[in-house]
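S.K.: Dropping the sequence and predicted coords here.
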Amino acid sequence: MSSNKYSKPFPWPSIKVGQGFFIPCLNTEAMRKFGLSQALQQRVFQAKAHVAVRDGLIGVWFYR
C-alpha cells in the first residue's frame, strides 16, 4: 500500500506473543491492512489487529 503516509517502522520484530502496540489514525481500515501486510513482510504470521480507542484517540491496536 504505497499511498500510506505512515513512515515509522512497525515494531513487529520486538513484539512477543501477548504484547501489542497502538497506532493512532483516522483511516483505520487502511492502517489495519498496511500493518498486517508489514507483519507478513517481517515474517510475523500470528499478527492480529483491531480498531480501538485509547486515551481518546481512535486507531488500530496490533498484537500477537
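M.R.: Looks like it came in fine.
S.K.: for the chain, what spans make up the strands?
M.R.: 20-24, 48-54, 57-63 (DSSP state E).
S.K.: Tell me which of those lies nearest to Ser37.
M.R.: Ser37 lies closest to strand 48-54 among the strands of the chain, at 10.7 Å (Cβ to Cβ). C-betas here are computed from N, CA, C, even on glycine.
S.K.: How far off centre is that closest one?
M.R.: Put simply, strand 48-54 sits 9 Å off its chain's centre (Cα atoms, centre = their mean, to the nearest Å).
S.K.: Quickly run through the sheet partners of that strand, with directions.
M.R.: strand 57-63 (antiparallel) (DSSP bridges).
S.K.: Show residues contacting the strand it pairs with.
M.R.: The contact list for strand 57-63 (Cβ atoms under 8 Å, 6 or more residues apart in numbering) reads 10, 15, 18-26, 28, 31-32, 35-36, 39, 47-54.
S.K.: rerun at 6 Å
M.R.: Applying Cβ atoms under 6 Å, 6 or more residues apart in numbering, the contact partners of strand 57-63 are 20-25, 28, 31-32, 35, 48-52.
S.K.: Where does the prediction get shaky in this structure?
M.R.: 1-4 (pLDDT under 70).
S.K.: ok, the residue of the chain most remote from its centre - contacts?
M.R.: Within the chain, Gly56 marks the point farthest from the mean C-alpha position, 17.8 Å out by Cα atoms, centre = their mean. By Cβ under 6 Å, 6+ apart, the contact list for Gly56 is empty.
S.K.: From Leu26, how far off is it?
M.R.: Look at Gly56 and Leu26: by Cβ to Cβ, to the nearest Å, they are 14 Å apart.
S.K.: cool, Gln19 as well?
M.R.: According to Cβ to Cβ, Gln19 stands 25 Å off from Leu26.
S.K.: now Trp61
M.R.: Distance from Trp61 to Leu26, by Cβ to Cβ: 15 Å.
S.K.: More neighbours: the two, which one.
M.R.: Per other Cβ atoms under 10 Å, whichever of Trp61 and Leu26 has more neighbours is Trp61, with 17 against 9.
S.K.: where exactly do the helices run in the protein?
M.R.: 28-41 (DSSP state H).
S.K.: Understood, closing this out.
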